[in-house]
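Chemist: Below are the sequence and a predicted model; questions follow.
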Amino acid sequence: RKRGRTPTKCHCLSPLCRGTLELPNENDTLFDNEENELGKQIQTAEEEEEENAKQQLLGHWKLPIHDADEDGIQRPMRGKDIVNRLIKVFFEGNHEYFEADVLDYDANTEKHLVQYKTDSEQHWEDLSAEQWMVLDEN
């Protein structure tokens, strides 16, 4: 903060707001004990809400196959079928699934642009070479 300049007031109404848009000095404490405790409670509530959402989705993941058509044939989902859908991709190295939003499909390369929820990174993936599941929309 420059000397003589009045701090810009923040109007976000967040319980964790320090009241100004300027960054605090090294000597300033960001929160007093009460605000710090409130911040911990809010973070715990958000983590609990995220865990509950994951538990609700557990039984709603399915293999990427369309429901049977009139002829009783099930066809795999591919291409634009899964754009704007939530999937989870299995990674061998970690031995776990990672959730991702499918943002786009390139028909020339047959790859999907996915954005992983854990780190918000976007990658073009060849899902035909991956083990993955799609969130059931029903």
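Modeler: It's in. Only a predicted model underlies this, so the values are computations on that prediction, with no experimental measurement involved. Numbering: from 1, shown residues only.

Chemist: residue boundaries of the strands in the chain?
Modeler: With DSSP state E as the criterion, the chain has strands at 61-62, 86-91, 96-106, 111-116, 122-125, 132-135.

Chemist: So for residue 60, what's the nearest residue that isn't a sequence neighbour?
Modeler: Excluding its sequence neighbours, the residue lying closest to residue 60 (Cβ to Cβ, 6 or more residues apart in numbering) is residue 136, at 4.7 Å. The C-beta positions use only the backbone N, C-alpha and C, and glycine is treated the same way.

Chemist: What's the local residue count around the one you found?
Modeler: Neighbour count for residue 136, taken as other Cβ atoms under 10 Å: 12.

Chemist: Equivalent analysis for residue 62, please.
Modeler: Residue 62: 14 neighbours (other Cβ under 10 Å).

Chemist: what sits against the closest residue to it other than its chain neighbours?
Modeler: Leaving aside its chain neighbours, residue 62 sits nearest to residue 136 (4.9 Å; criterion: Cβ to Cβ, 6+ apart). Listed by Cβ atoms under 8 Å, 6 or more residues apart in numbering, the contact set of residue 136 reads 60-62.

Chemist: same check, this time on residue 61
Modeler: By Cβ under 8 Å, 6+ apart, the contact list for residue 61 reads 88, 133-136.

Chemist: okay, who's weakest in the residues you listed by pLDDT?
Modeler: Across the contacts of residue 61, the smallest pLDDT goes to residue 136, namely 80.

Chemist: Okay, now the unreliable bits of this protein?
Modeler: Residue ranges of the chain with pLDDT under 70: 1-5, 23-41, 52-59, 66-70, 73-74, 138.

Chemist: The closest residue to residue 135 other than its chain neighbours: what's it in contact with?
Modeler: Closest residue to residue 135 apart from its sequence neighbours, by Cβ to Cβ, 6+ apart: residue 86 at 4.2 Å. Contact analysis of residue 86 by Cβ under 8 Å, 6+ apart lists 99-102, 134-135.

Chemist: where's residue 86 relative to residue 103, distance?
Modeler: Residue 86 sits 11 Å away from residue 103, going by Cβ to Cβ, to the nearest Å.

Chemist: Same question for residue 133.
Modeler: Look at residue 133 and residue 103: by Cβ to Cβ, they are 18 Å apart.
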